[in-house]
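Colleague: my questions are about this predicted structure, shown below with the sequence.
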Amino acid sequence: MSDPFRYIFRFCCDPGFNDEAELQALERYVREARIDDVAVFANVQELNTGHMTREEQDVYLRLMERVRDLLSGMGVTFSINHWHSVMHADLGKRMDPALDFRPMVDVEGNEAALCVCPLCEKWQRHIAGLYARYAQLEPSILWVEDDFRLHNHDALLLAGYRDWFCYCGEHLRQFNERFGTSYDRTSLLRDMLRPGQPHPVRAQWLRFQGEAIAQAAAWVTGTAGQRAGAQRLAPHASGADDVSAGRSRRRVTRLGQLFERAVRRGIPRDSAPPLRSVRGGQPAGISALHALRGADARARAAAVRRCGILPRN
């Protein structure tokens, strides 16, 4: 019986520094481990330089072309995982002023140094254009990183754990226009945190924030989808044990609806919930099975049909 699993190896290197050695090692490892697909990371973890300029994108695009050509003769597909969208956290870095992206703003008016407001039209054009460039390489899957969210972005108020979301002037302007209100950050926070029966604005604000990230998702699926042919779009999703899990169902539902629209345009898609092999120093065992069941349940809850579940560790 053929193996029902698809083994995807997440590959990263520092182009121009260790790529030659790593590509040689990649070829050997793919053969020995019988890998089915190689997901090429771009601008990942400690190698991250912030939101990439076009010149920085060119460096990774050349690397991806080399990986694609290397794997094509081995019968192995390649996929692309751009490691960030709005950015996981500030990471001790600053935004390139030339990009002129609007940063996220917390409830006290503190601006993020690197995390971007998803309503920023310049950033939307930037990320959509980047995914369109990736799509031209015809990867098997275009992965959408799990920082594609408004919560859990290394808040300046982490000590009291109030999440980022985004309280910038544009968010407040659009919210007030939508609901006929006149809130500023202070009054909005006051009503959302009012004790007793929840104020209606709490649900309105959460709904509006979800629509904001969905609007950005539409840019990605729309622009990349126009050039992607039969490629797959795959959002990374939060696991039940993640900090972000409290809001993951709503987020997966919103993104699921957008990726469902992509499918109607002929673009299949997958979802990649985390499946960790070790927890607390012990094998996950039954926890891993629960993670798989939870991933399937979340996909169903999001009304994501014909969606492949590709657990990741």
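Modeller: On my side now, so go ahead. Numbers count the residues shown, from 1 in each chain.

Colleague: ok, which stretches of the stretch 101-250 of the chain are helices?
Modeller: 121-135, 169-179, 185-192, 200-228, 248-264 (DSSP state H, counting those that start in this stretch).

Colleague: give the rounded mean pLDDT of the fourth one.
Modeller: Regarding helix 200-228, the rounded mean pLDDT is 77.

Colleague: do the same with the third one
Modeller: Averaged across helix 185-192, the pLDDT comes to 93.

Colleague: and that helix, what other elements does it pack with?
Modeller: helix 200-228 (3 or more C-beta pairs under 8 Å, 6 or more residues apart in numbering; DSSP states H and E). To be clear about C-beta, it is placed using only N, CA and C from the backbone, and glycine gets the same treatment.

Colleague: any low-confidence regions in this protein?
Modeller: For the chain, the stretches with pLDDT under 70 are 1-4, 154-164, 219-231, 237-313.

Colleague: ok, now with 50
Modeller: Applying pLDDT under 50 to the chain flags residues 1, 155-162, 229-230, 239-269, 273-293, 295-307, 309, 311.

Colleague: which residues in it form strands?
Modeller: 8-11, 37-42, 77-82, 103-105, 111-116, 141-144, 232-235, 269-271, 278-279, 282-283, 307-309 (DSSP state E).

Colleague: tell me which residues are up against the fourth one.
Modeller: Residues outside strand 103-105 that contact it (C-beta atoms under 8 Å, 6 or more residues apart in numbering) are 86, 95, 111-117, 150, 153, 164-169, 171, 185.

Colleague: could you do stretch 170-184 as well?
Modeller: Contact with stretch 170-184 is made by 102, 105, 117, 119-120, 185, 188, 191, 201, 204-205, 208-209, 212, as judged by C-beta under 8 Å, 6+ apart.

Colleague: in TSV, list those along with neighbour count.
Modeller: Below are the contacts of stretch 170-184 laid out as TSV (neighbours: other C-beta atoms under 10 Å):
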residue	neighbour count
102	21
105	22
117	24
119	19
120	22
185	17
188	22
191	15
201	19
204	17
205	23
208	16
209	23
212	21
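
Colleague: tabulate those residues (CSV), appending distance to residue 130.
Modeller: Output for the contacts of stretch 170-184, formatted as CSV (distance: C-beta to C-beta, whole Å):
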residue, distance to residue 130
102, 18
105, 24
117, 17
119, 18
120, 14
185, 31
188, 32
191, 38
201, 35
204, 32
205, 29
208, 26
209, 23
212, 20
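
Colleague: need the max-distance pair from these.
Modeller: By the measure C-beta to C-beta, 120 and 191 form the most distant pair in these, at 25.9 Å.

Colleague: can you get me a residue count around residue 68?
Modeller: Applying the criterion other C-beta atoms under 10 Å, we find 20 residues in the vicinity of residue 68.

Colleague: for it, give its distance to residue 23.
Modeller: 12 Å (C-beta to C-beta, to the nearest Å).

Colleague: likewise for residue 115?
Modeller: Here residue 115 is placed at a distance of 32 Å from residue 23 (C-beta to C-beta).

Colleague: who has more neighbours, these two?
Modeller: Taking neighbours as other C-beta under 10 Å, residue 115 and residue 23 compare with residue 115 leading, 27 against 15.

Colleague: my read: the more buried one touches residue 151, true?
Modeller: No. Counting by C-beta atoms under 8 Å, residue 115 does not reach residue 151; the two are 11.1 Å apart.

Colleague: start to end distance for stretch 111-130?
Modeller: 25 Å (C-alpha to C-alpha, to the nearest Å).

Colleague: ok, stretch 6-17 next?
Modeller: Start-to-end, stretch 6-17 (C-alpha to C-alpha) is 30 Å.

Colleague: mind listing residues that contact that stretch?
Modeller: 19, 22-23, 26, 29-30, 33-41, 44-45, 47, 59-60, 62-63, 67, 79, 81, 310, 312.

Colleague: follow-up on the earlier one: okay, the strands of the chain in CSV with distance to residue 133 next?
Modeller: Formatted as CSV, those follow (distance: least, C-beta to C-beta, whole Å):
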stretch, distance to residue 133
strand 8-11, 19
strand 37-42, 11
strand 77-82, 10
strand 103-105, 24
strand 111-116, 18
strand 141-144, 11
strand 232-235, 15
strand 269-271, 19
strand 278-279, 36
strand 282-283, 40
strand 307-309, 24
